[in-house]
Every structure is written in C-alpha cells, then in structure tokens.
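Engineer: Okay, sequence plus prediction incoming.
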Amino acid sequence: MREETDLRVEVFPLGPLMTNCYLVYETTTSSSIIIDPGWPDGIEKLAQRVRKLNLNIKAIIATHGHFDHILGVNKLKLELGREAPFLIHSSDEILVKTAGEMSREVLGVYIEPPEPDDNIDEGDTIELGGSRLIVWHTPGHSPGSICLIGDEIAFTGDLIFRGSVGRTDIPLGSWKKLLESLERILRLPDNTVLYPGHGEPTTIEYEKRINPFIPRNR
Ligand SMILES: [Zn+2]
Ligand SMILES: [Zn+2]
C-alpha cells in the first residue's frame, strides 16, 4: 500500500548534452532534492520554479561525476542562496575535479566544477516527507554512479536509458560492472518508472521487453 505522500517529479533538460535535471519534491512538506543540475544555462528557470513552489531543497545530488551532470551546481547554489549540500559518491570525486577540463575538451567551454560538500553511498536514505529514496551504488558507466530508488520510481543516471544503456568505452567505465548494476536494477518491480540521465522516462517492464543491451536469457 502506498503511504500518504505525494512525490512529484519535474524535469529540466540542461546543456548541450540535454542532461535531465530532476526537481523532486513532496507536496505536503515541500521537502525536495535536485538531481543532476548539469549545466549553468537554464538554472534560473529551475530556481524560479523552486521559489514559486516555496520548496525546501535538502540536497543537490549527482548520479555521477561526469561534467554534464554537475557543472550547473555552482550556479544553482548561487541562485538558491541557501545551503543545500552537493552530494556525490566518493568514487566519482576524481571526475568532478577534472570536469571543467573535460567540458573544455568535449564542448570547448571551461566551467569551474563544484566542490562536493559530502558523499553519499549505498544504503543512504533521503527522506522527503513520508517518501523515501534509497541510494544504490550502481557502478559501470562510472565508478561512483548511483541510482536513487523510491516506491515505484527510480532515478537511474546514465546506467539505463529508454532502449539503451550508458557508455562504458570511456575512462573509468566498466562494461562488466554496468551489466551487474543493470541486473540489479531489473529486479525492481515491472511497473517502476525509471527517470534516466538523458531522454524520456521508461519502465522496467518496457526495458525488459525492448532494450537490446539486456541479456534475454533471464
Ligand atoms: Zn555520464
Ligand atoms: Zn550523461
């Protein structure tokens, strides 16, 4: 049975790589988190929305340390003007440090990367009113990739997309680990809605049926 809580999700695709930044909030308490504010352009609109809804942002969480998921954090903190901590898995701090250089390499734009305020890891929970999101450490696309798992809802970063999966042919990527993480996420109930780091939302049921990267002998 669902608890008496009302979790809402709004998406703000940000930056040249159209990274999905998610505003997640619980309506009865206005407690909220922001996932993957990846790029400065468009942050004003997100901050406006936060002010309009009068949300209390408890944390800014990165699903992983790739530049397109974190380079809007500094601007977001400025815009919000309050102390929401920026959290990331410790294994991706190295990616955060080099994110500005990576952005220059890939897009020709240097943006100062944020400093993590704290780390999150497997089993940590984020309470939003009566709702709760649990951190799963799901490496593969990067060593410190995480998913946030709720009740029939999951934020999956660049682990799985609608009909695809995250790249592993990149520094620190591991196909073997990504497959293990995929196996784990696929054990969620079929009706779980997945909110990926790029593109449209999907469900476990849909991905089991059509995702060509998922082994079929399940
Ligand atoms: Zn990525
Ligand atoms: Zn990405």
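Structural biologist: Sure thing, it's come through. Ligands and ions are numbered 1, 2, ... in the order given.
Engineer: how near is the most centrally placed residue in the chain to ligand 2?
Structural biologist: Closest to where the C-alpha atoms of the chain average out (CA atoms, centre = their mean) is residue 63, at 3.7 Å. Residue 63 is 8 Å from ligand 2, where distance means CB to the ion, to the nearest Å. For every residue, glycine as well, the C-beta is placed using N, CA and C.
Engineer: Spatially, which residue comes closest to that residue, not counting chain neighbours?
Structural biologist: residue 157 (2.8 Å; CB to CB, 6 or more residues apart in numbering).
Engineer: where does this protein have low pLDDT?
Structural biologist: In the prediction, the chain carries residues with pLDDT under 70 at positions 1-5, 217-218.
Engineer: This protein against ligand 1: which residues are in contact?
Structural biologist: 66, 158 (CB under 5 Å from the ion).
Engineer: mind listing the strands in the chain by residue range?
Structural biologist: 7-14, 19-26, 31-35, 56-61, 86-88, 118-119, 125-128, 131-137, 146-149, 153-157, 160-161, 164-165, 193-196, 202-203 (DSSP state E).
Engineer: Those residues of this structure touching ligand 2, which are they?
Structural biologist: Selection of the chain residues close to ligand 2 by CB under 5 Å from the ion yields 68, 158, 197.
Engineer: Is there a neighbour count for the residue nearest to residue 34 when sequence neighbours are not counted? I'd like the number.
Structural biologist: Leaving aside its sequence neighbours, residue 34 sits nearest to residue 60 (CB to CB, 6+ apart; 5.0 Å). Residue 60 has 25 neighbours, counted by other CB atoms under 10 Å.
Engineer: those helices in the protein, which residues are they?
Structural biologist: Secondary structure of the chain, counting by DSSP state H: helices at 43-53, 67-70, 73-80, 93-97, 99-107, 175-185, 204-210.
Engineer: Show me the contact partners of the last one.
Structural biologist: Just to be clear, that refers to helix 204-210. 160, 162-163, 185-186, 188-192, 194, 214, 218 (CB atoms under 8 Å, 6 or more residues apart in numbering).
Engineer: now with 10 Å?
Structural biologist: Residues from elsewhere that reach helix 204-210 (CB atoms under 10 Å, 6 or more residues apart in numbering): 152, 154, 156, 160-165, 182, 185-194, 202-203, 211, 213-214, 216, 218.
Engineer: Show me just the buried residues among these.
Structural biologist: 154, 156, 160-162, 164-165, 182, 185-186, 188, 192-194, 202-203, 211, 214 (16 or more other CB atoms under 10 Å).
Engineer: Which positions in stretch 17-31 come out as buried?
Structural biologist: So for stretch 17-31, counting by 16+ other CB under 10 Å, buried means 17, 19-26, 29, 31.
Engineer: which of the residues you listed lies closest to residue 130?
Structural biologist: residue 26 (7.2 Å; CB to CB).
Engineer: Verify the stated contact: that closest one with residue 151.
Structural biologist: No - here residue 26 lies out of contact with residue 151, judged by CB atoms under 10 Å, at a distance of 11.7 Å.
Engineer: Please identify every residue contacting each of the two.
Structural biologist: Taking CB under 10 Å, 6+ apart as the contact criterion, the common neighbours of residue 26 and residue 151 are 5, 7, 130-132.
Engineer: Make a markdown table out of these and add neighbour count.
Structural biologist: Converted to a markdown table, those look like this (neighbours: other CB atoms under 10 Å):
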| residue | neighbour count |
| --- | --- |
| 5 | 15 |
| 7 | 21 |
| 130 | 15 |
| 131 | 21 |
| 132 | 17 |
